[in-house]
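Enquirer: mind folding the following:
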Amino acid sequence: MDTKDRILRNAASQVVIDCAFRVHTALGAGVLESAICACLLYEFRSAGLHAEDQVHWPVVYEGVQLSAGYRVDFIVENASSSR
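Expert: Below you'll find the predicted structure:
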């Protein structure tokens, strides 16, 4: 990853953190995950970020994609190390 990519990812990371603080300040603690995720997705998109939610992420073991997998809450700005 070159310097420009690192700067862009750091800037996006700061926006994500700011969005999380806004949601937490508005909703407080003890709120259902589904409500928090909906509010976060709204904040990300309102901030101009490209965000996907509930993304299926396969498990690849020794080069073989297995039927088991993960559900990733968010992929923001297409940031992932293996996507």
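Enquirer: distance from the strand or helix carrying His56 to the middle of the chain?
Expert: Assigned by DSSP states H and E, His56 belongs to strand 51-61. On the basis of CA atoms, centre = their mean, to the nearest Å, strand 51-61 sits 11 Å off its chain's mean C-alpha point.
Enquirer: just the CA coordinates of it, formatted as CSV?
Expert: Taking only C-alpha atoms (Å, rounded to 0.1, in the frame of the first residue of the first chain), the coordinates of strand 51-61 have been written out as CSV:
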residue,chain,number,x,y,z
ALA,A,51,-20.4,1.3,2.9
GLU,A,52,-21.8,-2.2,2.5
ASP,A,53,-23.5,-4.0,5.4
GLN,A,54,-24.0,-7.7,6.3
VAL,A,55,-21.4,-8.9,3.7
HIS,A,56,-20.9,-12.6,3.4
TRP,A,57,-17.2,-13.4,3.8
PRO,A,58,-16.1,-16.9,2.9
VAL,A,59,-13.6,-19.0,4.8
VAL,A,60,-10.7,-20.0,2.5
TYR,A,61,-8.5,-22.8,4.0
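Enquirer: list the contacts for Pro58?
Expert: Residues counted as contacts of Pro58 (CB atoms under 8 Å, 6 or more residues apart in numbering) are Gln65, Leu66, Gly69, Tyr70. Heads up, the C-betas are built off the backbone N, CA and C, glycines and all.
Enquirer: list the buried ones in the helix or strand that contains the second one?
Expert: Secondary-structure element containing Leu66, defined by DSSP H and E: strand 64-76. When neighbours are counted by 16 or more other CB atoms under 10 Å, the buried residues of strand 64-76 are found to be Phe74, Ile75, Val76.
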